[in-house]
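Novice: This is the structure alone, sequence omitted:
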């Protein structure tokens, strides 16, 4: 199953830093990040049915380090 979530940030530089961190993070190798708007990043990733997945937790923690938050899932 493919999931998608959007994170919002205070400014474009923070969104770009988050985008680069997600795309270079080895523990998020199944996630693909794209700039959704000037200050928003859309993340898409695959979820295997019946398995534990901590991707959202990792993304939430990473976005919080740039003062970002989930605004749409």
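Specialist: Ah, there it is. Only a predicted model underlies this, so the values are computations on that prediction, with no experimental measurement involved.
Novice: Quick check: residue 8 touching residue 38?
Specialist: No: counting by Cβ atoms under 8 Å, residue 8 stays clear of residue 38, with 10.4 Å between them. C-beta coordinates here come from the backbone N, C-alpha and C atoms, glycine included.
Novice: quick one, which of these two is more surrounded?
Specialist: Between residue 8 and residue 38, residue 8 has the larger neighbour count (other Cβ atoms under 10 Å), namely 18 against 10.
Novice: Please name the bridge partners of that one.
Specialist: residue 40, residue 69 (DSSP bridges).
Novice: Relative to residue 40, how far out is it?
Specialist: 5 Å (Cβ to Cβ, to the nearest Å).
Novice: Report the set of residues contacting both of those two.
Specialist: residue 71 (Cβ atoms under 8 Å, 6 or more residues apart in numbering).
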